[in-house]
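S.K.: Sequence and predicted structure, then a few things I'm wondering about:
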Amino acid sequence: MPIYEFICEKCNKPFTLDIKVLEYEKKKFECPKCKSGKVKQQITSFQTITSKKS
């Protein structure tokens with residue numbers, strides 16, 4: 001499950017959400033601190049894990 005990073009535009013608090021892709025597509029996020037819907041997604045790095053085949 002992907003982890004998305006956001007920042008609240010009202011209280012300026014960064015937070016992360018561990019949500020499914022289907023939930024992400026609904027685009028209804030709110031700040032856990034002030035409950036504002038004015039949030040902006042942050043651009044972050046990611047890591048993939050793959051299995052090695054011999």
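M.R.: Looks like it arrived, so ask away.

S.K.: what's next to the helix or strand containing residue 16, contact-wise?
M.R.: Residue 16 belongs to strand 14-18 when assigned by DSSP states H and E. Applying CB atoms under 8 Å, 6 or more residues apart in numbering, the external contacts of strand 14-18 come out as 1-8, 29, 31-33, 42. For the C-beta atoms, the positions are set from N, CA and C on the backbone; glycine is no exception.

S.K.: And that strand, how far out from the chain middle?
M.R.: Counting by CA atoms, centre = their mean, to the nearest Å, strand 14-18 is centred 5 Å from the centre of its parent chain.

S.K.: strand partners of that strand, parallel vs antiparallel please.
M.R.: strand 3-8 (antiparallel) (DSSP bridges).

S.K.: Can you list the buried residues in the strand it pairs with?
M.R.: Within strand 3-8, the residues that count as buried by 16 or more other CB atoms under 10 Å are 6, 8.

S.K.: I'm done for today, thanks for sticking with me.
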